[in-house]
Structures are given as C-alpha cells and as structure tokens.
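# Sequence first, predicted coordinates after that:
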Amino acid sequence: MLTSRQEQILRIVVDAYTRSGAPVGSRAIADRPDVPWAASTVRNEFAVLVSHGLLEQPHTSAGRRPTEGGYRYFVDGLLARRGGERPARPPIELSFDRREIADAIRQTTESLAEATELMALVSAPPLSTEEILRVELIGLQPHVVVAVVITTSGNVTKRQFEFGGAVDPGLVQWATGYLNEVLKGLPLGARTIRQRLLSPELGQVERSFIEAISGAFLEPPPGDETLFVGGAGHLVAGSRDEAIPRLDRLMSAVEERQAVTRLLRARLNERGVYLRIGSENEAAELLGASVVGANYGTHTRNLGSVNVIGPVRMDYPHAIASVRYAAAKLSDFVADVYA
C-alpha cells in the first residue's frame, strides 16, 4: 500500500511521461507549484516506488518512468475513483440518426479513433442475435438460386445454392412469399425456424426446395464475426516514438479479423471498462500494447464491444472515458433497435 504522497508522485510521473515520453526527474517534480516537497524527498519516494516495481530508471543519470505495474496501479486507482461517473462533457462526439447498426458502429469506430488518436476496434452483434426482416430469393441462372436475408438492423447476408437441374421461376417466386410469411420476426438460427419452414401441408416439390435452401436460415452466416477497425495509421505512426513489439503481427491479426474478434467475444462477460496492459494481454500479438475496452448491449445481454489499442504509454484517462461513453451510446442505440 502506497502513502498518499507516493501515489501523488506516481500520478505526476505517469501524467508527465505520457505527455512527453521523457523520464521525469526529481527536480522537475519538486519545482512544480503544487508540490511542497524538496527534490531529496522526491528521490527517496522514487526509491520506494522503484522497489515496488512501479517506476524504473532507464539509465543512471535519467529520471523515472512508469513500468507496466505502475500504469496498472494508476489505472486501478482511476477506475476506483471514476467507476460510476460519466464525464461532464462527452469525450467524443456521437449522434446516430439512422437505425442501421452497421452505420452506428462505423461512426463510433471513426469518431473513437479520431478522438483518441489510437486504433479503434468495435465488434458488431453476431447476426444470430438479429431478427429476420425480409427474405429475397433470386434466380441467377436456371440452376442457381441466391437467398438474401435482411435483418431488422439492416444487415444483409447472401447464400448461393446450386441445383442439379433448372429451378422453376414460379417456385422461386412462391418460396419468397412463403418464407417472408413464416420467418419474419424470427432470430437467425432459431430452433423454431425448421418447424416453421417445413410445414406438413407443403407438397413434395415445395418441401424439397425449402429443405435445400434452409441452410440460409438455420446455419450461422459466414463471416458472422464482424469487426470494424479505424485509426490503424495512428498505431503505425505512434510506434515511431513508442515502439510496440510485434506490431507487424498485430496488424496482420487485425487485418485477418477472426482471431481478434474471437478474443473480443471472449470478453463479453466482463462488466464495466476492462484493460489489458502490455504483458497482461492473452494474445501474443498484443504483448507490448495496451487495450482499453467496454461492452455494449441491452439490459439482458452484451452484444459487442468497443475497444482502443495503443502503446503502453497512452492517455488512459481519456481512453477510458471515450470507450465508456461510446459503449453507453451504442447500448442506448441497440436497446432501441432490439426492443
């Protein structure tokens, strides 16, 4: 447990080092108008903070800078003090004027990356949580039919089906009307879909056709893990001043999407703002970087997450406030859409 003076010195070092990237000396702290201690007192406290693994000295004549443990101590104190608060002024500008979730998430990603100057990643709700709004069947060729499923949030999935022979256009037209009648309002992949699809009143031809295309509604849609990414350039540009180990592997993982999305999905049960600082990250690609995130969703379930990724030396207060605010705004938005 640190004394109040040690905590204040740690906060000063974290703040100054975050802004400048230069180690902070005892004289620089003692000369501050809000600090009543002599430089010798600050040096003594430096020694204690170093012994606790919270500060380090890059070389003999340098000042001190925070370790990952120092940042963790600082952030934990920050979350304890501000856990239930909302900032007086929004840290980012967000205003959604459309009902499509994809548009709201895209705007959130772009605004978050711009406001924090970090890479922003926002995961969309899995399509399996969305209700079917409309189904369209399109005959591309005599033996090829495309099933287009539009959900209530505006997401669109397409599945192509090939048949051994030509498909009657009249059958395609009938099936479109039938599917919209029995599936509207059901969640994609719901257990009740098969019962609705294969009514005992269907004739053999109709039943065989519906059975053949049922995968468009019963199986998880391909690419059901959607990740929106913004501000990747901030991460690359920032790395010139603050090296992020394995940056090339991190960028490759983000580009491939699936591994990062699975990682974010694994955190959907976390409450409030969550952080992984440097070596705390589970994924090897993220070692040496920091992740600040928060989940969004309805009152009954989390649907996705809002995250920023940057160097360990980041402005944590601003990142935390921005992520928390963005997640709250998205929660308000999806609560209305999923109502």
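Structure received.

# ok, which stretches of this structure are helices?
Along the chain, the segments classed as helices by DSSP state H run 4-20, 26-30, 39-51, 68-82, 101-116, 169-183, 192-197, 204-213, 215-218, 232-238, 247-256, 258-265, 316-337.

# In this protein, what helix or strand scores lowest on average pLDDT?
One helix or strand of the chain scores below all others by mean pLDDT, DSSP states H and E: helix 232-238, with a mean of 71.

# Of all the helices of the chain, which one comes closest to G139?
G139 lies closest to helix 169-183 among the helices of the chain, at 5.1 Å (CB to CB). To be clear about C-beta, it is placed using only N, CA and C from the backbone, and glycine gets the same treatment.

# Check which residues of the closest one are buried.
For helix 169-183, burial by neighbour count (16 or more other CB atoms under 10 Å) applies to 171, 175-176, 178-179, 182-183.

# neighbouring contacts of stretch 247-260?
119, 121, 225, 227, 229, 232, 235-236, 239, 244, 283-286, 289, 309 (CB atoms under 8 Å, 6 or more residues apart in numbering).

# make that stretch 327-339, sorry
86, 94, 96, 99, 101, 104-105, 108, 122, 125, 129, 152-153, 294-299, 303-306.

# run the last query once more with 7 Å
94, 96, 99, 101, 104, 108, 125, 152-153, 294-298, 303, 306 (CB atoms under 7 Å, 6 or more residues apart in numbering).

# Show the buried residues in those.
Buried among these (16+ other CB under 10 Å): 94, 96, 101, 104, 108, 125, 152-153, 294-298, 303, 306.

# ok, the residues you listed vs G69, which is closest?
Closest approach to G69 among the buried ones among the contacts of stretch 327-339 (CB to CB): A294, at 22.9 Å.

# and the closest one, what are its bridge partners?
With DSSP bridges as the criterion, A294 is bridged to V273, V306.

# dump the residue contacts of it.
272-274, 305-306, 323-324, 327.

# Between the residues you listed, which sits nearest T157?
Lowest distance from T157 to the contacts of A294 (CB to CB) belongs to S305, with 21.7 Å.

# That closest one contacts R267, correct?
Yes: if you go by CB atoms under 7 Å, S305 and R267 touch, sitting 6.4 Å apart.

# which residues do these two both contact?
G293.

# Of these two, which one has the most company?
Shown here are S305 and R267; by other CB atoms under 10 Å, S305 has more neighbours (26 against 18).

# Find the pair from the buried ones among the contacts of stretch 327-339 with maximum spatial separation.
Maximum pairwise distance among these (CB to CB): 24.4 Å, between T152 and A294.

# Serialize the contacts of A294 to TSV and add fields for distance to P187.
As requested, the contacts of A294 are arranged in TSV below (distance: CB to CB, whole Å):
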residue	distance to P187
G272	28
V273	29
Y274	27
S305	21
V306	23
V323	28
R324	29
A327	23
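
# In PyMOL, how would I select the buried members of those?
Selection command for PyMOL covering only the buried members of these, criterion 16+ other CB under 10 Å:
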select buried, resi 273+274+305+306+323+324+327
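
# Mind picking the lowest-pLDDT entry from the contacts of A294?
Taken together, the contacts of A294 show their lowest pLDDT at G272, with 87.

# Backbone dihedrals for that one, please?
phi 70, psi -160 (degrees, to the nearest 10).

# and the helices of the chain, which one is worst for confidence?
Among the helices of the chain, helix 232-238 carries the lowest mean pLDDT, a mean of 71.

# hang on, the earlier thing: quick check: the two most widely separated of the contacts of stretch 327-339?
Once CB to CB is applied, these give T152 and A294 as the farthest pair, at 24.4 Å.

# returning to that earlier point: and of the contacts of stretch 327-339, the nearest to R43?
Closest approach to R43 among the contacts of stretch 327-339 (CB to CB): A294, at 38.5 Å.

# Could you measure from that closest one over to L183?
A294 is 34 Å from L183, where distance means CB to CB, to the nearest Å.

# And T67, by the same measure?
Distance, T67 to L183, by CB to CB: 56 Å.

# R11 touches F74, doesn't it?
Yes: R11 is within contact range of F74, at 6.4 Å (criterion: CB under 7 Å).

# Which one's more surrounded, these two?
Neighbours were tallied for R11 and for F74 using other CB under 10 Å; the higher tally belongs to F74 (22 against 16).

# ok, that one - contacts?
Counting by CB under 7 Å, 6+ apart, F74 touches 10-11, 14, 66.

# Mind picking the two most distant members of those?
Among the contacts of F74, R11 and P66 lie farthest apart (CB to CB), at 9.9 Å.

# Stretch 121-135 spans what distance, first to last residue?
30 Å (CA to CA, to the nearest Å).

# on that earlier part again, output the helices of the chain as JSON lines; include the columns distance to F163.
Converted to JSON lines, the helices of the chain look like this (distance: least, CB to CB, whole Å):
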{"stretch": "helix 4-20", "distance to F163": "62"}
{"stretch": "helix 26-30", "distance to F163": "76"}
{"stretch": "helix 39-51", "distance to F163": "72"}
{"stretch": "helix 68-82", "distance to F163": "57"}
{"stretch": "helix 101-116", "distance to F163": "32"}
{"stretch": "helix 169-183", "distance to F163": "10"}
{"stretch": "helix 192-197", "distance to F163": "17"}
{"stretch": "helix 204-213", "distance to F163": "7"}
{"stretch": "helix 215-218", "distance to F163": "14"}
{"stretch": "helix 232-238", "distance to F163": "43"}
{"stretch": "helix 247-256", "distance to F163": "34"}
{"stretch": "helix 258-265", "distance to F163": "31"}
{"stretch": "helix 316-337", "distance to F163": "36"}
